[in-house]
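**Q** my questions are about this predicted structure, shown below with the sequence.
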Amino acid sequence: MQLSIPGSSALTSLRQRLGDWMWPGSKAARSRPNRTVVCQEWLTSAAGSDKVAAELVRVANADAIYCFAARDDVIEQLGISVPVYQSRLGHWAGVNRRWQYLLPVMPVAWGLLDLGDARLVLTSSHATVNSLRRCGTRVSYCHTPMRYAWEWRLEAERLPTFLRPFWPLVAAVFRRLDRAWSRRVDVFVANSQFVAGRIRKAYDRDAVVVYPPIETDAFVPTDEPSRDRFLVAGRLVHYKRLDIVVQAANQAAVPLVVAGYGPELTRLQAMAGPTVEFVVAPDDGELIELVQNARALVFPGIEDFGMMVVEAQACGTPVIGRAAGGALESVDVVNGGILVDSDDPVVWAKRLGEFESPVDGSALRRGTERFSTLPFRQGILEVLDGLGRDGAGHGHGMAP
């Protein structure tokens, strides 16, 4: 006998209406049977997780992509041709640039999304996207377990000031929720062995490691690189610890270019000495030229993987990286790279002052082939093929 809960149909109807309001266009989309969809946290810059989401769409022949928020120029830049659906809250956040304020309600938005009878859902996760309701077979490409829950101390400076005193408690709640959401995932795919370890610790789950796709064809060596300056590049956020490199460049009096944009820009500019130059928000062409001509890319933070490391080495540029995290798997120490086991600017200053670039970067480039798009596609296809063999899924309509 099946028990019915009084008013449950009314609650279901209300949730359905709220979901249709929260996710414009999703009602018509879910009427299509046997869909494959990709769900990404947000598409607001062409960063690592966004590139992965775009490639997942292509590999799995996905019918649509859902994200909390999206920007049209980023969608175009990533070459996403399928319909993209974003939440109303995300649209508001994009207009007002108030992402941090909405973090606690992101799971509510995802929980209202009805994907109908979608048979395969691939998530590109590092925040709350796995709070999606159970639907079809779930594969989560995990860049890291939820940052604001498990690594919240590194993210604290990105939070609104008034929230910071309360965040240890909020993070504890999120950790509990994130563990529960992880049980909705059938297969975890990690972007590095380092993240696979984090997944095991946080969720008590194993993960298949598939390194993210690097466009090595776009990052190529130049004929006569100048090798006259060190380079740090990417989002200027606290956890990347770019302040260590700026202080080190000051102490060693070596030329350094800081290329990027983010909340740390003003602080880094204030501490920079005369040998430090800033290139704010370089476009793709400018960034590639900076990487090609750098004496070395300096990478002081503990990253989940660090796609920029591979992009630099594809250009024949060595990397001076932190001896922790994904850099242990990607920095080529055989062909000129260096790993620094310290966050002391004095130690980094010594390494920068003594560093000599290799004359020939061709070996560095050859070493990046295992991180290119083709191995990524093959790895994801193997995971999806395994769903049918293991009984977790029923076919997926993948790209050849």
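**A** Okay, I see it.

**Q** okay, and the helix or strand of the protein with the least pLDDT?
**A** helix 99-102 (a mean of 70; mean pLDDT, DSSP states H and E).

**Q** from the chain's centre, how far out does the next helix or strand after that one sit?
**A** Next in sequence after helix 99-102, counting helices and strands by DSSP states H and E, comes helix 106-112. Its chain's average C-alpha position is 20 Å from that of helix 106-112, according to Cα atoms, centre = their mean, to the nearest Å.

**Q** and the next helix or strand past helix 106-112?
**A** strand 120-125.

**Q** tell me which strands the helix or strand following that next one pairs with, and in which orientation.
**A** For strand 120-125, the following helix or strand on the C-terminal side (DSSP H and E) is strand 137-142. Using DSSP bridges, strand 137-142 pairs in its sheet with strand 120-125 (parallel), strand 187-190 (parallel).

**Q** deepest-packed of those strands, please.
**A** strand 120-125 (a mean of 28; mean count of other Cβ atoms under 10 Å). For every residue, glycine as well, the C-beta is placed using N, CA and C.

**Q** centre of the chain versus that strand, how much separation?
**A** The answer for strand 120-125 is 13 Å, by Cα atoms, centre = their mean.

**Q** and for it, what's in contact with it?
**A** Residues outside strand 120-125 that contact it (Cβ atoms under 8 Å, 6 or more residues apart in numbering) are 35-41, 49-50, 52-53, 56, 60, 62, 115, 129-130, 132, 135-143, 146, 185, 384, 387, 393, 396.

**Q** tell me how many other residues surround the residue nearest to residue 362 when sequence neighbours are not counted.
**A** Leaving aside its chain neighbours, residue 362 sits nearest to residue 316 (6.5 Å; criterion: Cβ to Cβ, 6 or more residues apart in numbering). Neighbour count for residue 316, taken as other Cβ atoms under 10 Å: 26.

**Q** equivalent analysis for residue 222, please.
**A** 15.

**Q** secondary structure of it: a strand, I assume?
**A** No. Counting by DSSP: H, G, I helix; E, B strand; the rest coil, residue 222 is not part of a strand but coil.

**Q** measure it to residue 375 for me?
**A** 25 Å (Cβ to Cβ, to the nearest Å).

**Q** next up, the contacts around the residue sitting nearest the centre point of the chain.
**A** The centroid of the chain falls nearest to residue 49 when counting by Cα atoms, centre = their mean (3.2 Å). Neighbouring residues of residue 49 by Cβ under 8 Å, 6+ apart: 40, 41, 124, 126, 143.

**Q** how about the strand or helix carrying it as PDB, C-alpha atoms only?
**A** In this structure, residue 49 sits in helix 48-59 according to DSSP H and E. Taking Å, rounded to 0.1, in the frame of the first residue of the first chain, the C-alpha atoms of helix 48-59 are listed here in PDB:
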ATOM      1  CA  GLY A  48      39.100  26.200 -16.700                       C
ATOM      2  CA  SER A  49      35.800  24.800 -15.500                       C
ATOM      3  CA  ASP A  50      33.900  26.700 -18.200                       C
ATOM      4  CA  LYS A  51      36.200  25.200 -20.900                       C
ATOM      5  CA  VAL A  52      35.500  21.700 -19.400                       C
ATOM      6  CA  ALA A  53      31.800  22.300 -19.500                       C
ATOM      7  CA  ALA A  54      31.900  23.300 -23.200                       C
ATOM      8  CA  GLU A  55      34.000  20.300 -24.100                       C
ATOM      9  CA  LEU A  56      31.600  18.000 -22.100                       C
ATOM     10  CA  VAL A  57      28.800  19.400 -24.300                       C
ATOM     11  CA  ARG A  58      30.700  18.400 -27.400                       C
ATOM     12  CA  VAL A  59      31.900  15.000 -26.200                       C
END
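
**Q** give me the helices and strands touching the helix or strand following it, please.
**A** Using DSSP H and E, the helix or strand that follows helix 48-59 in sequence is strand 64-67. When contacts are defined as 3 or more Cβ pairs under 8 Å, 6 or more residues apart in numbering; DSSP states H and E, strand 64-67 packs onto strand 36-40, helix 48-59, strand 84-86.
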